[in-house]
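Asker: A structural model of the following input is requested.
(2 chains)
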Amino acid sequence: MSVSIRGLGHSYGGLRTIERLDLELREHEVVGLVGPSGCGKSTLLELICGLLDPSSGGIAVGGAENAAGRLSQCAYMPQSDQLLPWYSALDNAALALRNRGLGKAEAREQAGELFQRFGLAGFERTPPAELSGGMRQRVAFLRTLVAGKPLLALDEPFAALDAITRAEMQGWLAAALGEDPRTVVLVTHDVEEALYLADRIVVLSARPARIVAELDAPLPRRSDRDAAVTDPGFIAIREQAMRALHEGSR
Amino acid sequence: MRRWLLPTLLLAALIGAWQLAASTGFLADVLGLESFLVPSPAEIAESLWQSRALLAENAWVTLREIVFGLACALLVGVGFAVLMHLSGIVRDAAYPLIVASQTIPIIVIAPILLIWLGFGIGPKIVVVTLICFFPITVNTLAGLDSAAPDATKMMRSLNASRWQLFRRVQAPTALPSFFTGAKIAVVLAPIGAVFGEWVGGDAGLGHLILVDGGYLEVARQFAAIFVLSAMALVLIGFIALVERRVVTWR
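Answerer: Coordinates of the predicted model:
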């Protein structure tokens, strides 16, 4: 399922957040949005998801152009995991299924299969408060995946994690997307994370956001994260992205 | 341990001091009163025991007024909060009026209720409801409003209906605030019940206290006060117990 953004503009109050932005996503493409903080990355993500309406221009997500249509195509993972403390880890992951009207047992069974596959077996009944930071992000991501939407909108999913856990989670996410490919928009302020996880990264300027650079991730993709990020090709593109980021934040 | 021990010790010290001051006649001398008008805790306990049947009979009347009044206040209080939470029009129209209505001392309404509803339990229940619904409404509404915006966005993108968003996110978020409001209501309820009995009634602890005043039965007045506050304490304990059973994630 593809995404097409044409001449997108958005302002909030008197503040222009996004200006004349064009962007295309192919089916199953993973695009990383990087930019200085406060540049409107998250706003762009909410616009794509249909959680906000653009002030000008248009967004089509798999042909759906109005907000409700886009919302039906997208699963949104907010920056803070927003796991609901009154539900177990498994019931959190099964939220989308319950919302769709599935019974408790059936929803648990379906979400439970993913727990087995993605390294969360044994934590089904654990309340979110007792999970580690990395675990919480896994559950939050599975909750997003379980919704079965063609587009995943991830807002800085690993920003709150320490460096080691974050690296581990990046490898885990890459593997999960390898098994269950989706079109993904990944917002991050971490260029390395974007380059490792995405097929293409889009560098945004400071507010109002416009595209400063679009860079393809180095090929061939390497699944081993440590090998990937130390590859000379990877480092060269990272330098390019960092330069674009600096130019854009001026 | 400390949570219970220290208040118990302080209470024992206060009662001990009172006992000493009253039984030596010191308190009556200071107040310039006959000593039978200033009963010691031991005399109050004795009166509590001797009049136990009378006190129990009247306590039962007052307890029913309090419990039925609280039940109505819970229904009305939560109902108002939910309506105002779900509808902006209802909120804008009703909230200022509900706040303004609290400037009316409920006591002055009691004589009117007496004319309308007679001498039975009805007007007492209405007075308790009028006094108690407000803290429940205000706290529950604030709780419903306090759900994280990101959680709402997440739920919307996971196909949640308005009802599912309410049922799975907003209502559980509001529970702790609701219980805070309910506990405040329990503290206020005996005041409403006693006022209702003072304005017009032929039974209840408030009525007994009023009648005993005419006979200078000060010890039994204190005994009635003791029973009244003991009932309120038990009710608060009950609500705290329910809260602990329901709000398991805190």
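Asker: contact residues of chain B facing chain A?
Answerer: Contact residues, chain B versus chain A (C-beta under 8 Å from any C-beta of the partner chain): B:148, B:150-151, B:153-161, B:164, B:168-169, B:172, B:248-250. Heads up, the C-betas are built off the backbone N, CA and C, glycines and all.
Asker: mind giving me the ChimeraX command for buried ones among the residues you listed?
Answerer: Applying 16 or more other C-beta atoms under 10 Å in any protein chain shown to the residues of chain B next to chain A, the buried members can be selected in ChimeraX as follows:
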select /B:150,151,153,154,155,156,157,158,159,160,164,168,169,172
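Asker: so what's residue 28 up against?
Answerer: Since you didn't name a chain, this refers to chain A. Listed by C-beta atoms under 8 Å, 6 or more residues apart in numbering or on different chains, the contact partners of A:His28 are A:Pro181, A:Arg182, A:Thr183.
Asker: think we crossed wires, I meant chain B
Answerer: B:Ala22, B:Glu34, B:Ser35, B:Leu37, B:Val38.
Asker: closest one to chain A out of those residues, please.
Answerer: Closest to chain A out of those is B:Ala22 (51.6 Å), distances taken as C-beta to the nearest C-beta.
Asker: quick one: contacts for the residue lying closest to that closest one once chain neighbours are set aside?
Answerer: Nearest residue to B:Ala22, sequence neighbours excluded (C-beta to C-beta, 6 or more residues apart in numbering or on different chains): B:Ser40, at 3.5 Å. By C-beta under 8 Å, 6+ apart, the contact list for B:Ser40 reads B:Trp18, B:Gln19, B:Ala22, B:Ser23.
Asker: please pull out the lowest mean pLDDT helix or strand from chain A.
Answerer: Least confident helix or strand of chain A, by mean pLDDT, DSSP states H and E, is helix A:225-230 with a mean of 79.
Asker: now the nearest residue to A:Ser42 once chain neighbours are set aside, which residues is it bridged with?
Answerer: Take A:Ser42 and drop its neighbours on the chain: the residue closest to it by C-beta to C-beta, 6+ apart is A:Asp155, 5.5 Å away. Beta-bridge pairing of A:Asp155 under DSSP bridges involves A:Val187.
Asker: burial of residue 133, as a residue count?
Answerer: Unless you meant another one, I'm taking chain A. 15 (other C-beta atoms under 10 Å in any protein chain shown).
Asker: chain B, not that one
Answerer: With other C-beta under 10 Å as criterion, B:Phe133 counts 27.
Asker: ditto for A:Asp231
Answerer: 15.
Asker: dump the contacts of B:Ala28 to TSV, plus secondary structure.
Answerer: Below are the contacts of B:Ala28 laid out as TSV (DSSP: H, G, I helix; E, B strand; the rest coil):
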residue	secondary structure
B:Ala22	helix
B:Glu34	coil
B:Ser35	helix
B:Leu37	helix
B:Val38	coil
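Asker: mind listing what's buried along stretch B:210-223?
Answerer: In stretch B:210-223, counting by 16+ other C-beta under 10 Å, buried: B:Leu210, B:Asp212, B:Glu217, B:Val218, B:Ala219, B:Arg220, B:Gln221, B:Phe222, B:Ala223.
Asker: repeat that for stretch A:233-246.
Answerer: By 16+ other C-beta under 10 Å, the buried positions in stretch A:233-246 come out as A:Phe234, A:Ile237, A:Arg238, A:Gln240, A:Ala241, A:Ala244, A:Leu245.
Asker: fine by me, thanks again.
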